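[1] following is a predicted model, sequence given first.
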Amino acid sequence: MSRRNCLRVLKNLLAIRTLFLVPIAFLAPLKILEDGEPESRCAYVLVVMAILWLTEALPIPVTALMPVFLMPMLGLLPGPTICAAYVNDTSMLFLGGLIVAVAVEEVNLHKRIAIGILSLVGSQPNLLMLGLMLPTWFLSMWISNTAATSMMVPIITAVASQMSELEPNKISQNGGVRNNGFDDVEDSVSNADTDVSMTNGNAGMEQEDEPKDEKEKKQREESIKKMSKGFALCVAYAANIGGVATLTGTPPNLILQGQANELYSRLSEADSGITFAKWMGFGLPLSIIVLLLSWIWLQIMFLGFSCFKKQNPKERKAIKLVIEGEKKKLGGITFGEIVVMLVFGTLALLWIFRDIPGFGGWKVLFRENSNRPFVKDSTSAMLVAVSLFFLPAKLPRVFCWNKYDVSESSNKPKYRPILTWKNTVLRIPWGVIILLGGGFALASATSASGLSKKVGCSLRILDSFEPWVMNLILSLVIAGATEITSNSATATILMPIMAELAINTGSHPLYLMITAAVACSFAFMLPVATPPNAIVFSTGYIKIPDMALAGLVMNVLAVLVLNLGINTWGSALFDLDTVPSIFGNSTSSTCDPVTATVAAFQANFTTAYAQSTTSQALSSFTTSSTVIAQTLVNITSEAIGMTTTTQSLPSGFVMPAG
């Protein structure tokens, strides 16, 4: 077969890869079902979904819908229980945050914030890099990191283009930077300010300043290339880092909250205590430190020590022209921007002050039960989100405000809200909400079937390490794994396992769960890791080796800061040094069958003795004695099967008197 025919066959197979990858995903792990145990059935579902998530043979949200039919058909959980997991408090919190983010984008408030910060920091390369990072970092706390990155890319491209035009002989590739798709940005900048024409009008003067040394010219071209790479990567990194700062900033944070609340609710009436305010107290300092480290590292790698040199006046002027052009393009601040800014600030304050440790917060104004408040963070999110559908984007043209406007085709009364459902529904990433729900459904099944407990017990080999060492190892592995898998899918699979591992090793469940969730967001090495990485890679500024080298160092730095944070201020905020009693009762017997069976024997014997003192002593004692006999048989069989030395009875075992 010729080479051309081989390529044709491969292309045809690639086109229909879904048709054979999906059956392979279901058939390959069938051996797991041999023993028919609930843990094995749940493991089968988990492996099938992991294969489909990794290969993306089906869209990721479609794979997240599979528990709806796989769990009931395999006898793990009833259909209503699984379906109820898809819509809960956490998913409503996320939806409310997404609606507010759509409003911010609708009135272009995010662009005004970005341009405002850029105009303040100046045009020095290192300060300009910081100016690109700060608005991206701040906005990605509240809107999607994809939107925050997409907003900044035209600005990066326009700056790089202006820098390239300063070259005396403009090369065809613009200093190695591709600017396709951004001509409209450059045109708008050149039309926004008449001073831009000076760049072309003074071409003769530029020719006079042309470097005579070809080596100097190549060095300048290389400098612009490296600067463009640094600008592109700084935006992607800032978007990834910003999501860590708030609870709604990235899906893994919400997956953590939802699964932690589910874990607590199974064992008690209390919730996990992960609130917006607490998370921001942990995530914001962590995010700031990682952001500053990334800024320093990118300066070292792409700007070197040139950032301390005096800037060329022409470069400074070119950058200022770009920023001024974008500012004029936005125009003056609008009524809608003011309204959204006030609403946005109100939501942030409601989230922060709902539940303040030691003070209570505004939640006390409403009804509460013994352990849980009725008002949650989702309450604030939905209250503000709904208000955006009736608050006006402009002053309503009614009564005395109905003045003649030449830009309007008619002078009829008019009112337009900030958001309409028709527009909003098209801009909300519903797939992420489904993915969250699929994660909660999968977590419920792994806990109910005992799979998470079994996997956690198998990882007890890490118990020989100090807790902080175990945490560091796990976070490094997770940060590496999330480079090639969806961070949401990774968090979904890991949360129940981390909870059981922590319980079995005598640690607070949130200690490992928080670390794992945040580590899922530290994906800096590959374009496929996160949407911001893919967006900046598509501009043509950077290559995979550039991103991999810079990202490897960033992964290590971010994980080290994460472990510093979780062991210091994170431990104090979430009280991680004290294991709650609901988990402490199970840490000693979860993974040890003999200890667990002895505990059952103690409970049964005590029950039998108590029952033997009642009026139905004989029959009750006979029944309980049968249970005790069966328990002793279980102890014997477990002891025979163990390869380690026989363990003594627990110190707390006390035979009833008499």
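    Arrived safely, thanks for sending.
[2] how many residues are close by the closest residue to Ile289 other than its chain neighbours?
    Spatial nearest neighbour of Ile289, excluding adjacent residues (C-beta to C-beta, 6 or more residues apart in numbering): Val561 at 5.1 Å. No exception for glycine: its C-beta is placed from N, CA and C like everyone else's. Neighbour count of Val561, defined by other C-beta atoms under 10 Å: 20.
[3] what does Pro373 give?
    18.
[4] so the residue nearest to Ile289 sits right up against Ile288, yeah?
    No: taking C-beta atoms under 8 Å as the definition, Val561 is not a contact partner of Ile288, at 9.9 Å.
[5] sorry, back to before: and the one helix or strand the residue nearest to Ile289 maps to, which residues are buried?
    According to DSSP states H and E, Val561 maps onto helix 544-567. Going by neighbour count (16 or more other C-beta atoms under 10 Å), the buried part of helix 544-567 is 546-547, 550-551, 553-555, 557-559, 561-563, 565-567.
[6] pick out the least confidently modelled helix or strand of the chain, by mean pLDDT.
    Here the helix or strand of the chain ranked lowest by mean pLDDT, DSSP states H and E is helix 183-192, holding a mean of 39.
[7] ok, now which ones touch the most centrally placed residue in the chain?
    By C-alpha atoms, centre = their mean, the chain has its centre lying nearest to Thr250, at 3.1 Å. By C-beta atoms under 8 Å, 6 or more residues apart in numbering, Thr250 lies in contact with 145, 243-244, 487, 521.
[8] next one: Gly332
    Shown in contact with Gly332 (C-beta under 8 Å, 6+ apart): no residues.
[9] ramachandran angles for it?
    With angles defined as degrees, to the nearest 10, Gly332 sits at phi -80, psi 160.
[10] mind checking how far it is from Thr136?
    Gly332 is 24 Å from Thr136, where distance means C-beta to C-beta, to the nearest Å.
[11] one more: Leu442?
    Applying C-beta to C-beta to Leu442 and Thr136 gives a distance of 32 Å.
[12] Gly506 in helix, strand or coil?
    Going by DSSP: H, G, I helix; E, B strand; the rest coil, the secondary structure assigned to Gly506 is coil.
[13] neighbouring contacts of stretch 29-43?
    Against stretch 29-43 from outside (C-beta under 8 Å, 6+ apart): 44, 47-48, 51, 74-76, 445-446, 448-451, 454.
[14] quick check, nearest of those to Ala57?
    Nearest to Ala57, judged by C-beta to C-beta, of the contacts of stretch 29-43 is Ile51 at 7.9 Å.
[15] just to revisit the earlier point, let's see if you can find the most crowded of the contacts of Thr250.
    Val244 (30 neighbours).
[16] now stretch 322-342: how far from the chain's centre is it?
    Remark: stretch 322-342 is offset 29 Å from the chain centroid, using C-alpha atoms, centre = their mean, to the nearest Å.
[17] stretch 51-61 now?
    Taking mean C-alpha positions (C-alpha atoms, centre = their mean), stretch 51-61 and its chain are 18 Å apart.
[18] shaky segments in the stretch 51-200 of the chain?
    123, 162-200 (pLDDT under 70).
[19] now do 90
    51-61, 64, 76, 81, 84-98, 100-129, 131-132, 135, 139-140, 142-200 (pLDDT under 90).
[20] what's the nearest residue to Ala374 if we skip its chain neighbours?
    No, residue 374 isn't Ala; it's Phe. Arg367 (4.9 Å).
[21] before we move on, what about Arg416?
    Closest to Arg416 by C-beta to C-beta, 6+ apart is Ala393, at 5.2 Å.
[22] I figured that neighbour hits Gly336, correct?
    Yes: here Ala393 reaches Gly336: they are 4.0 Å apart, a contact under C-beta under 8 Å.
[23] common neighbours of these two, please.
    106-107, 418.
[24] from the residues you listed, which ones fall inside helices?
    Per DSSP state H, helices hold the following members of the shared contacts of Ala393 and Gly336: Glu106.
[25] ok, Gly438 - contacts?
    49, 61, 63-67, 86, 492.
[26] would you check which pair of those lies furthest apart?
    Across these (C-beta to C-beta), the longest gap, 14.8 Å, separates Met49 and Tyr86.
[27] hang on, the earlier thing: and the gap between the residue nearest to the centre of the chain and Trp351?
    16 Å.
[28] go on, Arg4?
    For Arg4, the distance to Trp351 - C-beta to C-beta - is 60 Å.
[29] and those two? Which one has more around it.
    Taking other C-beta under 10 Å, Arg4 and Trp351 do not tie; Trp351 has more neighbours (23 against 8).
[30] residue contacts, the more buried one?
    Going by C-beta under 8 Å, 6+ apart, Trp351 touches 247, 276-277, 280, 377, 380-381.
[31] most neighbours among these, please name it.
    For the contacts of Trp351, the largest number of neighbours (other C-beta under 10 Å) sits with Asp377, at 27 neighbours.
[32] and that one, what is it in contact with?
    Asp377 touches 89, 93, 247, 275-276, 351, 354, counting by C-beta under 8 Å, 6+ apart.
[33] again, only using 7 Å
    If you count contacts by C-beta atoms under 7 Å, 6 or more residues apart in numbering, Asp377 has them with 93, 275-276, 351, 354.
[34] then Trp53?
    With C-beta under 7 Å, 6+ apart, Trp53 has these contacts: 60, 63, 485-486, 489.
[35] for the host helix or strand of it, buried residues please.
    In this assignment (DSSP H and E), Trp53 forms part of helix 38-55. Residues of helix 38-55 classed as buried by neighbour count (16+ other C-beta under 10 Å): 38-46, 48-53.
[36] so what does the helix or strand just after it touch, helix or strand wise?
    Sequence-wise, the next helix or strand downstream of helix 38-55 (DSSP H and E) is helix 60-64. With contacts taken as 3 or more C-beta pairs under 7 Å, 6 or more residues apart in numbering; DSSP states H and E, helix 60-64 sits against helix 38-55, helix 430-449.
[37] distance to Ala270 for these - can I get that in JSON lines?
    Formatted as JSON lines, those follow (distance: least, C-beta to C-beta, whole Å):
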{"stretch": "helix 38-55", "distance to Ala270": "26"}
{"stretch": "helix 430-449", "distance to Ala270": "17"}
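[38] between these, which gets the lowest average pLDDT?
    Of all the helices and strands packed on helix 60-64, helix 430-449 carries the lowest average pLDDT, namely a mean of 84.
[39] that helix versus helix 38-55: what angle between them?
    160 degrees (axes from the mean of the first three to the mean of the last three C-alpha atoms, to 10 degrees).
[40] buried stuff in helix 430-449?
    Buried-residue list, helix 430-449, by 16+ other C-beta under 10 Å: 432-449.
[41] got the CA coordinates for the helix or strand following that helix in CSV?
    The element immediately downstream of helix 430-449 (helix or strand, assigned by DSSP H and E) is helix 451-458. Listed next in CSV are the C-alpha coordinates belonging to helix 451-458 (Å, rounded to 0.1, in the frame of the first residue of the first chain):
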residue,chain,number,x,y,z
LEU,A,451,-15.4,2.6,45.7
SER,A,452,-14.0,5.8,47.0
LYS,A,453,-13.4,4.1,50.4
LYS,A,454,-11.7,1.1,48.7
VAL,A,455,-9.4,3.4,46.6
GLY,A,456,-8.6,5.5,49.6
CYS,A,457,-7.6,2.4,51.6
SER,A,458,-5.4,1.2,48.8
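[42] what is the rounded mean pLDDT of helix 451-458?
    78.
[43] next one: stretch 539-559
    89.
[44] contacts for it?
    With contact meaning C-beta under 7 Å, 6+ apart, stretch 539-559 is reached by 153, 157, 177-178, 228-229, 232-233, 237, 290, 293-294, 297-298, 301, 475-476, 479, 519, 522, 524-527, 533, 536-537.
[45] of the residues you listed, grab the buried ones for ChimeraX.
    Of the contacts of stretch 539-559, the buried ones can be selected in ChimeraX as follows, counting by 16+ other C-beta under 10 Å:
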select :153,157,177,228,229,232,233,237,290,293,294,297,298,301,475,476,479,519,522,524,525,526,527,533,536,537
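[46] out of the contacts of stretch 539-559, list just those in helices.
    Using DSSP H, these in helices are 153, 157, 228-229, 232-233, 237, 290, 293-294, 297-298, 475-476, 479, 519, 533, 536-537.
[47] lovely, talk soon.
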